[in-house]
Every structure is written in C-alpha cells, then in structure tokens.
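**Student:** Build me a model from this:
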Amino acid sequence: MPIFEIKLPKSVHKALGIPPRSPKRAQLRVLKKLMRRARYTAFGQQNKFDQILQSKHPAKFFQQTVPAYNYNKIYKDWWHLSLEGQPDICWPGKIKFFALSSGTSEAASKYIPITNDLLRGNKVIMIKQLISLFNYQDVPLASIGKGWLTLGGSTDLQQGPGYYAGDLSGITAKKAPFWFQPFYKPGKKIAKERDWNKKLKEIVEKAPEWDIGFIVGVPAWIQMCIEMVMERYKLNNIHEMWPNLAFFVHGGVSFEPYKHGFEKLLGKPLAYVETYLASEGFLAWQDKQNATGMRLSYNQHIFFEFVPFDEKNFDSNGEMIENPEALLIHEVEEGKDYALLISTSAGAWRYLIGDTVKFINKETAEIVITGRTKHFLSLVGEHLSVDNMNKAIQLVSEEMNISIPEYGVAGEPMGSFFGHHWFVASSDEVDAILLARAIDEKLKELNDDYAIERKSALKSIRVTVLKEDTFMSFMESKGKVGGQHKFPRVLKGKMLEDWNQFILNH
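**Tutor:** I've put the predicted structure just below:
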C-alpha cells in the first residue's frame with residue numbers, strides 16, 4: 001500500500017499534466033507555446049516564428065529554419081546581447097539572472113540565461129516529483145515535513161551591470177517561496193556563504209540542531225558533509241543524529257559509483273530520488289519508487305530534440321557538426337545514445353546541452369543519462385561511455401567491498417598501441433593491479449567493442465589509487481568547489497595536462 005493516498009482537484013491535475021499527455025502531442029504544444037511567447041523577440045523575428053506557427057508541420061519547419069547551437073555559437077550570436085542588458089533578444093523582457101556553469105576553452109564560465117518563466121516551469125516539475133513521493137511504500141511520511149538539507153551554491157550572487165549571476169542552486173534558493181523557509185536548511189545565513197569549506201564547517205556546527213528528513217545535492221559533496229558530521233560528533237552512522245532522514249535527492253552525476261561507500265554512513269536504508277536539473281532547466285525526474293530511469297519533462301517548458309550520438313553527427317572530439325540529424329520525441333529508438341538539443345522558456349533555442357541519454361521506455365519518455373558528448377573514450381574504437389565506466393566501478397566496489405567515491409580515466413599512447421589509465425579515489429587498502437584487472441573484466445562484460453579492442457590495439461589498463469582529498473584539492477585549485485562542480489570522468493587535453501602536473505606536485 002502507498003504510505004499516503006493524495007488526491008488533487010481536477011484543475012490542479014490538469015495544470016500539472018497528471019496523467020501525462022502523449023509525449024508527441026505534449027511536445028508540439030510546448031513548442032508552439034514557446035514560439036508564441038518569443039515571436040516578437042529579435043531571435044523570433046529573424047527565425048520566422050510567425051511563419052513556423054502558421055505552417056502545417058511546425059516542428060519540422062522549426063528544425064529546418066532554426067540552426068542548432070552550442071554554447072559558444074549562441075552566446076556569440078545572441079546571449080551576449082542579453083548579458084549587456086538588451087531586452088527581447090531570445091526571450092521577452094530583460095534577463096536579470098544568469099546561471100554560471102562550467103566554462104569552455106574560450107571562457108572561464110558559461111552564462112546561462114535564467115527567467116521567471118523557466119523557474120516557474122522548474123517549480124512545477126519539483127511539485128510533480130514531490131507528489132510522486134506520497135506513493136512510495138515503506139517510507140515514513142513524517143520525513144517529508146522535516147528539514148531539507150540542500151547543499152548548493154551561494155545565494156550571495158555576483159552582481160553585474162543589470163544582472164545577478166551564480167549557481168542555479170543559489171538562484172533557486174534565493175527565490176524560494178516563503179512557505180519553504182522553515183524547512184530549508186542550512187538557512188539563509190549559511191546559504192549566503194561563498195567559501196565552500198567555511199560553509200561545510202558551519203553546517204557541521206549546526207547539524208545537531210536540525211531534524212533532517214531530506215538531503216539534496218551532488219553525491220560527492222553530500223558524502224563529504226555527512227562524513228564530517230559523523231567525525232565531529234563521533235557517530236557510527238548519520239541516523240544517530242538524524243533519525244528521520246529518509247530521502248536522498250541527487251543529480252548531476254550517476255550515483256552508482258558512490259552508492260556502496262555512501263550506504264556505509266547510514267543506519268537504515270534511504271529512498272533515492274534522481275533528478276536531472278541542469279542550469280538550462282529541469283530536464284527529467286524520477287516519477288516512481290526504485291525506477292531505473294527518469295521521465296523527461298516533456299509536458300511543461302522544454303522542447304526536446306535528439307541527435308544520434310555517432311560519427312555522422314559528432315567529430316572525434318565530441319563536437320557536433322553544423323547541421324546534425326535531429327529527431328523528435330516520437331522518432332527515437334529505445335537503447336540508442338542521443339545528444340540533447342533543447343529549446344526553453346529562457347531563450348535557449350535548439351541548444352546542445354552536452355549530455356547523452358538513452359530511452360528505456362519510449363512510450364513514457366523514460367531516459368537514463370549515459371554520459372557527455374565530450375566525455376567518452378574511443379582511442380581505437382572501444383566506444384567506452386561514462387555509463388559503462390560508472391557501472392563497472394559500481395560492480396567492482398560491491399565485489400571487492402571497497403568505496404570508490406571518485407575516479408577519472410585518460411587514454412594514453414603505448415608505442416604504436418594505446419592504453420587506459422584510471423585514477424581512482426579510495427581510502428581502503430586496495431591492490432592497484434587487482435583493481436585494474438577487475439575493472440577490465442567488468443568492462444569486457446559491459447561493452448563488446450571494448451572486449452574486441454582489448455585483444456588488439458588497446459593493450460593496457462592501469463590504475464593509480466589516490467586519496468579522495470587529491471581529487472577535491474584539484475577541483476579547488478581550478479576554482480570549482482561546491483555543490484554543482486563534478487570531477488571529470490574522462491580526462492583529455494589541457495585538463496589531463498593540469499591533472500598530471502597536479503598529482504606530480506602532490
């Protein structure tokens with residue numbers, strides 16, 4: 001039996017899209033709604049939104065008329081004008097908030113436009129996810145009304161000429177509704193703190209005063225926070241302090257590599273709730289207990305297109321070609337990798353978000369994240385995805401009973417052949433040779449191309465075991481400390497050079 005049966009008025013059901021509409025029809029409705037709002041903007045005028053809206057097949061006409069963009073292109077052509085304070089560029093009105101996201105080779109940070117329309121759409125998805133929790137079984141209902149510890153960016157946003165900028169989590173927390181404040185931890189004062197280490201120390205000091213039911217954040221930083229609390233108060237597990245802790249809402253990276261080590265910190269099981277909340281929008285959410293994947297937010301404020309992640313559409317560096325093949329939601333196939341193009345209520349249009357996903361249920365638009373367009377290894381045709389790597393690490397952690405909270409992989413030449421070099425974080429006693437062998441065997445089981453290439457050009461797999469602090473310190477040296485920053489799973493180019501130099505000096 002569900003722990004609580006929740007019934008909503010029909011008007012609320014309709015507004016939230018419960019039950020969900022057909023993905024094909026819902027997406028067409030979303031696209032038309034977005035274009036109607038933006039048709040008098042500079043972007044809408046240049047790209048003939050009025051004509052597209054009047055056409056017989058608006059989605060196809062939209063794809064033929066509007067170019068696909070990566071960040072550098074859309075910023076250079078359009079978004080820099082919004083940052084300069086010009087109104088009505090890609091979305092009606094002035095853009096007053098920008099989310100800062102990990103930078104490109106051309107800029108230290110990306111400035112992603114954030115609008116009230118986008119935040120409202122995100123809020124609807126959050127409400128849908130919250131409603132779904134009431135149908136979870138064997139989870140204490142009381143925990144939903146306890147404290148929500150959210151580890152995110154500072155709410156003390158950077159101020160520019162006419163705008164504010166910061167992590168999306170900081171912007172969202174700053175604009176959170178008044179009724180949420182009693183539940184919100186660590187509270188306004190600590191949330192404003194920009195120094196991540198100082199913020200963690202203040203959370204640790206306050207921890208005994210709180211009754212936490214939810215923890216929300218990126219797994220690595222949540223785990224570090226819990227470990228600090230346990231060490232400070234000499235706890236055997238975190239439930240000795242927070243007995244009502246029942247939910248972990250996580251996103252940003254796959255939880256699989258962290259799960260084994262994380263569960264050692266608990267006194268009883270948690271319900272894990274996955275989200276896909278990017279700076280550009282709330283893209284997908286877990287809508288039922290123990291779900292394998294997440295349901296795309298196809299019914300609200302984001303229009304999705306899907307570019308097959310293959311050699312026809314992407315070069316060897318993971319860069320998308322100028323006019324990629326892009327499929328609509330009803331045209332995809334289950335089990336294939338796709339890069340996402342999104343159009344949103346903040347003025348992103350046919351924008352490459354950089355993640356790859358795979359449909360596990362086309363009818364319900366249920367997806368899993370498989371990696372990043374630039375985070376994959378294929379030196380000799382092994383086509384190794386982050387999804388493969390995460391799964392291998394999870395299985396090896398469980399079999400060897402060790403915790404591997406972080407890792408990164410680099411390709412390296414070996415004479416006329418190649419190898420993979422794994423950098424693995426673990427505080428346990430680990431034999432690097434045995435670990436390399438175990439990872440290698442799991443990858444052979446998970447990926448046929450990898451198994452074939454291990455017999456030929458991919459000659460060596462080696463592992464370097466490091467302390468987790470090394471990974472965190474490297475991120476700190478890059479200025480990437482806090483809830484939304486993740487260690488790269490695949491190390492290439494300048495990042496690999498910097499990493500090798502860093503571990504040499506430490």
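**Student:** now the nearest residue to residue 506 once chain neighbours are set aside, what's its secondary structure?
**Tutor:** Closest residue to residue 506 apart from its sequence neighbours, by Cβ to Cβ, 6 or more residues apart in numbering: residue 470 at 6.2 Å. Just so you know, the C-beta spots here come from the backbone N, C-alpha and C atoms, and that holds for glycine as well. Under the three-state scheme (DSSP: H, G, I helix; E, B strand; the rest coil), residue 470 adopts helix.
**Student:** Please give me every residue in contact with residue 470.
**Tutor:** Shown in contact with residue 470 (Cβ atoms under 8 Å, 6 or more residues apart in numbering): 425, 502, 503, 506.
**Student:** just how off-centre is the biggest helix by length in the chain within its chain?
**Tutor:** Counting by DSSP state H, the longest helix found in the chain is helix 116-133. Taking Cα atoms, centre = their mean, to the nearest Å, one finds helix 116-133 lying 16 Å from the centre of the chain it belongs to.
**Student:** now, which of the contacts of residue 470 lie within strands?
**Tutor:** Judged by DSSP state E, those include residue 425 as members of strands.
**Student:** Apply the buried test to the contacts of residue 470 and list what passes.
**Tutor:** residue 425 (16 or more other Cβ atoms under 10 Å).
**Student:** what's the closest of the contacts of residue 470 to residue 168?
**Tutor:** The closest of the contacts of residue 470 to residue 168 turns out to be residue 425 (Cβ to Cβ; 26.2 Å).
**Student:** which stretches of the stretch 151-300 of the chain form helices?
**Tutor:** Remark: helices assigned in the stretch 151-300 of the chain by DSSP state H, counting those that start in this stretch are 168-174, 188-192, 196-206, 219-232, 256-263.
**Student:** Tell me which of the ones you listed is the most buried.
**Tutor:** Across the helices of the stretch 151-300 of the chain, averaging neighbours per residue (mean count of other Cβ atoms under 10 Å) puts helix 168-174 on top, at a mean of 23.
**Student:** That helix packs against which elements?
**Tutor:** In terms of contacts (3 or more Cβ pairs under 8 Å, 6 or more residues apart in numbering; DSSP states H and E), helix 168-174 is packed against strand 97-104, strand 107-114, helix 116-133.
**Student:** Sheet-wise, list the partners of whichever helix or strand comes after the longest one with their directions.
**Tutor:** The first helix or strand that comes after helix 116-133 along the chain, using DSSP states H and E, is strand 147-150. Neighbouring strands of strand 147-150 in its sheet, by DSSP bridges, are strand 184-185 (parallel), strand 212-217 (parallel).
**Student:** Residue 237 is nearest to which of those?
**Tutor:** When those are compared by Cβ to Cβ, strand 212-217 sits nearest residue 237, at 13.5 Å.
**Student:** which residues are in contact with the closest one?
**Tutor:** Residues outside strand 212-217 that contact it (Cβ under 8 Å, 6+ apart): 142-152, 185, 222, 226, 242, 244-250, 483.
**Student:** Let me know the average pLDDT across that strand.
**Tutor:** The pLDDT scores in strand 212-217 average 94.
**Student:** Ok, stretch 86-100 next?
**Tutor:** 97.
**Student:** thought residue 174 was touching residue 155?
**Tutor:** Yes - Residue 174 is within contact range of residue 155, at 4.2 Å (criterion: Cβ atoms under 8 Å).
**Student:** Can you show me the strands along the stretch 401-506 of the chain?
**Tutor:** Counting by DSSP state E, counting those that start in this stretch, the stretch 401-506 of the chain has these strands, from start to end: 407-414, 417-425, 458-466.
**Student:** hey, which of the ones you listed is tucked in deepest?
**Tutor:** Ranked by average neighbour count under the criterion mean count of other Cβ under 10 Å, the strands of the stretch 401-506 of the chain are headed by strand 417-425 at a mean of 20.
**Student:** for it, the distance to its chain's centre please.
**Tutor:** How far strand 417-425 lies from its chain's middle: 25 Å, per Cα atoms, centre = their mean.
**Student:** Also stretch 48-64?
**Tutor:** Centre-to-centre, stretch 48-64 and its host chain are 31 Å apart (Cα atoms, centre = their mean).
**Student:** in it, what's buried?
**Tutor:** Residues of stretch 48-64 classed as buried by neighbour count (16+ other Cβ under 10 Å): 48, 49, 52, 53, 58, 59, 61, 62, 63.
**Student:** Convert the C-alpha atoms of that stretch to CSV, please.
**Tutor:** C-alpha atoms of stretch 48-64 as CSV (Å, rounded to 0.1, in the frame of the first residue of the first chain):
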residue,chain,number,x,y,z
LYS,A,48,10.3,33.5,-38.7
PHE,A,49,8.4,32.1,-35.7
ASP,A,50,5.2,33.6,-37.0
GLN,A,51,5.5,31.6,-40.3
ILE,A,52,6.5,28.5,-38.4
LEU,A,53,3.4,28.7,-36.1
GLN,A,54,1.1,29.0,-39.2
SER,A,55,2.7,26.1,-41.0
LYS,A,56,1.2,22.7,-41.4
HIS,A,57,4.1,20.9,-39.6
PRO,A,58,5.5,23.5,-37.2
ALA,A,59,8.0,21.1,-35.5
LYS,A,60,9.7,20.1,-38.8
PHE,A,61,9.6,23.7,-40.1
PHE,A,62,11.2,24.8,-36.9
GLN,A,63,14.0,22.3,-37.4
GLN,A,64,14.6,23.4,-41.0
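**Student:** what residues does that stretch touch?
**Tutor:** Against stretch 48-64 from outside (Cβ under 8 Å, 6+ apart): 27-28, 31-32, 35-36, 38-39, 44, 65, 305, 326, 328, 350.
**Student:** Try it again at 7 Å.
**Tutor:** Residues from elsewhere that reach stretch 48-64 (Cβ atoms under 7 Å, 6 or more residues apart in numbering): 28, 31, 32, 35, 36, 38, 39, 65, 326, 328.
**Student:** Return the member of the residues you listed nearest to residue 94.
**Tutor:** Residue 94 has its nearest neighbour among the contacts of stretch 48-64 in residue 38, at 14.2 Å by Cβ to Cβ.
**Student:** show me the contacts for that closest one.
**Tutor:** By Cβ under 7 Å, 6+ apart, the contact list for residue 38 reads 44, 49, 90, 91, 92, 347.
**Student:** Just among these, which is most surrounded?
**Tutor:** Using other Cβ atoms under 10 Å as the neighbour criterion, residue 347 leads the contacts of residue 38 with 30 neighbours.
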